[in-house]
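Visitor: Everything below, folded, please.
(2 chains)
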Amino acid sequence: DAKTTQPDSMESTEGETVHLPCSHATISGNEYIYWYRQVPLQGPEYVTHGLQQNTTNSMAFLAIASDRKSSTLILPHVSLRDAAVYHCILRVDQGGSAKLIFGEGTKLTVSS
Amino acid sequence: AQTIHQWPVAEIKAVGSPLSLGCTIKGKSSPNLYWYWQATGGTLQQLFYSITVGQVESVVQLNLSASRPKDDQFILSTEKLLLSHSGFYLCAWSLGYNNQAPLFGEGTRLSVL
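Guide: Numbering: from 1, shown residues only, chains lettered A, B, ... in the order given. Down below sits the predicted model:
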């Protein structure tokens, strides 16, 4: 079972800043938080990841709560291309490799 | 730069027929490799992973098998397809350290009729 909880869907308008919340109340001390996004019939696209500190890259800003039980992916000035299902995932280590347990994610709709 | 290539892009197969899907990673040596599957309208599930040539671990039993004949190649196969095998198959890779995020290929769409 997925170890994170996300809203099923969110709506936005082009140009807005979108905040996508994720709850991970049972996160362990060494578990990283990963964000991917996926559009139909394409592989998931990596967005960002973090452990404790907030992180930023060209795609998004990841804000991690001080207790690490929740995080928020912030998408500045969204465009129609940002419409996708966004997955918040905790990496599970298995035998030296990574296991990603996907849930339903949040379907982000962007209107013009 | 590293690239991941999956083949074929799409397949339409009959129930009971064999299947072979491939994945190649270029530009990285000794990557960890993964197979994921997504039923239509469903969530992604990890099927297999491999951390070295010749070694594959099964995560979910779906009457499928996987092999890693070369460092940069991962094969998913079965001798007899079931209707339930239909869906979207994705290969992914990551490094075995530094918590690098697995990166996914473009996938193979499989329809079993």
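
Visitor: So which residue is smack in the middle of chain B?
Guide: Nearest to the geometric centre of chain B sits B:Trp35, at 3.2 Å (Cα atoms, centre = their mean).

Visitor: Extract the residue ranges of the chain that are flagged as low pLDDT.
Guide: All of this refers to chain A. Along chain A, the parts satisfying pLDDT under 70 run over A:1-2.

Visitor: Actually, chain B is the one I wanted.
Guide: Residues of chain B that meet the criterion pLDDT under 70 lie in B:97-98.

Visitor: tell me which parts of it are close to chain A?
Guide: B:32, B:34, B:43-46, B:49-51, B:57, B:59, B:88, B:90, B:92, B:94, B:96, B:99, B:101-107, B:109 (Cβ under 8 Å from any Cβ of the partner chain). All C-beta spots, glycine's among them, are computed from the backbone N, C-alpha and C.

Visitor: In ChimeraX, select just the buried ones from those residues.
Guide: This is the ChimeraX syntax for the buried subset of the residues of chain B next to chain A, where burial follows 16 or more other Cβ atoms under 10 Å in any protein chain shown:
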select /B:32,34,43,44,45,46,49,50,51,88,90,92,94,101,102,103,104,105,107,109
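
Visitor: Would you mind naming what in chain A lies close to chain B?
Guide: Checking chain A against chain B by Cβ under 8 Å from any Cβ, the hits are A:2, A:32, A:34, A:36, A:41-46, A:49, A:51, A:91, A:94-104.

Visitor: Leaving out sequence neighbours, find the closest residue to the residue of chain A positioned farthest from its centre.
Guide: For chain A, the largest distance from the centre (Cα atoms, centre = their mean) belongs to A:Gly95, which lies 24.6 Å off. Leaving out its chain neighbours, the residue that sits closest to A:Gly95 by Cβ to Cβ, 6 or more residues apart in numbering or on different chains is B:Glu57, at 6.3 Å.
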